[in-house]
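**Q** Below are the sequence and a predicted model; questions follow.
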Amino acid sequence: MDFTSLKDKAMQLLGKHPDKVNQAIDKVSEIAKGKVAGHDEQIDKLAQQAKDHTPGTEAPPPQPPTDPTPGN
């Protein structure tokens, strides 16, 4: 089995359980904050980036603005 196959299989599994992946990212980031004091902001930013790249956790597409004036 080559690296690409392993990567594809891992991405499939991540996509099936994004909530568990996000919980793991949160747990790891809390551990990192305890080990590396003073870098909470950087750790939070990295954790968010990891969550943003987790399959199945993509943000929903932006909704078009609604016209607040009646009759339009």
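**A** Thanks, I have it.
**Q** From here on, just use CA atoms for contacts and neighbour counts.
**A** Fine.
**Q** Okay, now the unreliable bits of this structure?
**A** Counting by pLDDT under 70, the chain contains low-confidence ranges at 1, 57-72.
**Q** distance of the spatially most central residue of it from D2?
**A** Nearest residue to the geometric centre of the chain (Cα atoms, centre = their mean): K51, 1.3 Å. Separation of K51 from D2 (Cα to Cα, to the nearest Å) stands at 26 Å.
**Q** Can you list the buried residues in stretch 50-59?
**A** For stretch 50-59, the neighbour count (16 or more other Cα atoms under 10 Å) marks 51, 54-57 as buried.
**Q** Now, the residues you listed that are in helices?
**A** K51 (DSSP state H).
**Q** hmm, which two among the buried residues of stretch 50-59 are most spread apart?
**A** Farthest-apart pair in those is K51 and G56; separation 9.8 Å (Cα to Cα).
**Q** circling back to that earlier point, what helix or strand is the closest residue to the residue nearest to the centre of the chain other than its chain neighbours located in?
**A** Using Cα to Cα, 6 or more residues apart in numbering and skipping the chain neighbours, the partner closest in space to K51 is N22 (6.1 Å). N22 belongs to helix 18-35 when assigned by DSSP states H and E.
**Q** Could you tell me how many residues sit around G38?
**A** 10 (other Cα atoms under 10 Å).
**Q** Quick check: it vs E30, distance?
**A** Taking Cα to Cα, one finds G38 at 13 Å from E30.
**Q** Please apply the same query to P55.
**A** 22 Å.
**Q** Equivalent analysis for Q12, please.
**A** Taking Cα to Cα, one finds Q12 at 26 Å from E30.
**Q** which residues touch stretch 23-32?
**A** If you take Cα atoms under 8 Å, 6 or more residues apart in numbering as the criterion, stretch 23-32 is touched by 43-44, 47, 50-51.
**Q** Looking at these, which is nearest P18?
**A** Closest approach to P18 among these (Cα to Cα): K51, at 8.6 Å.
**Q** Pretty sure the closest one sits against D19.
**A** No. Using Cα atoms under 8 Å, K51 is not in contact with D19, being 9.7 Å away.
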